[in-house]
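# quick one: sequence plus predicted model below, questions after.
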Amino acid sequence: MPKNEQNNDDEVGKPLNAYAKYSSIGFQMVVVIGIFTFAGYKIDEAGKHDVKWATAALALIGVFIALFIVIRSVKS
């Protein structure tokens, strides 16, 4: 295979790899935030709290963790 054709194949694969990498970030964020929110909901449900503080706090923690994961993924 000539060298020019091999470089062309590498250039075609790069956008696909980047697309696959960055398309999964949204799903990761939804999963992380969802797990933390669900855990907070279960804590509030078990404690029979009138105000859902655990749900709010854990959802916010989940957002910060998801943002940390996104920033770390984009830097590398």
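Yep, that arrived.
# for stretch 59-68, which outside residues touch it?
Outside stretch 59-68, the residues within contact range by CB atoms under 8 Å, 6 or more residues apart in numbering are 28-29, 32-37, 40. C-betas here are computed from N, CA, C, even on glycine.
# are any of those residues buried, and if so which?
29, 32-33, 36-37, 40 (16 or more other CB atoms under 10 Å).
# what comes into contact with stretch 35-45?
If you take CB under 8 Å, 6+ apart as the criterion, stretch 35-45 is touched by 52-59, 61-62, 65.
# count the neighbours of residue 64 for me.
Other residues lying near residue 64 total 12 when counted by other CB atoms under 10 Å.
# in what helix or strand does it lie?
helix 53-75 (DSSP states H and E).
# same question for residue 19.
Per DSSP H and E: helix 3-47 holds residue 19.
# pLDDT averaged over that helix, what's the number?
What helix 3-47 shows for mean pLDDT is 81.
# then stretch 68-76?
Throughout stretch 68-76, pLDDT has a mean value of 87.
# format the contacts of stretch 59-68 as JSON lines; extra columns: distance to residue 74.
Converted to JSON lines, the contacts of stretch 59-68 look like this (distance: CB to CB, whole Å):
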{"residue": "28", "distance to residue 74": "12"}
{"residue": "29", "distance to residue 74": "12"}
{"residue": "32", "distance to residue 74": "16"}
{"residue": "33", "distance to residue 74": "18"}
{"residue": "34", "distance to residue 74": "21"}
{"residue": "35", "distance to residue 74": "22"}
{"residue": "36", "distance to residue 74": "21"}
{"residue": "37", "distance to residue 74": "24"}
{"residue": "40", "distance to residue 74": "27"}
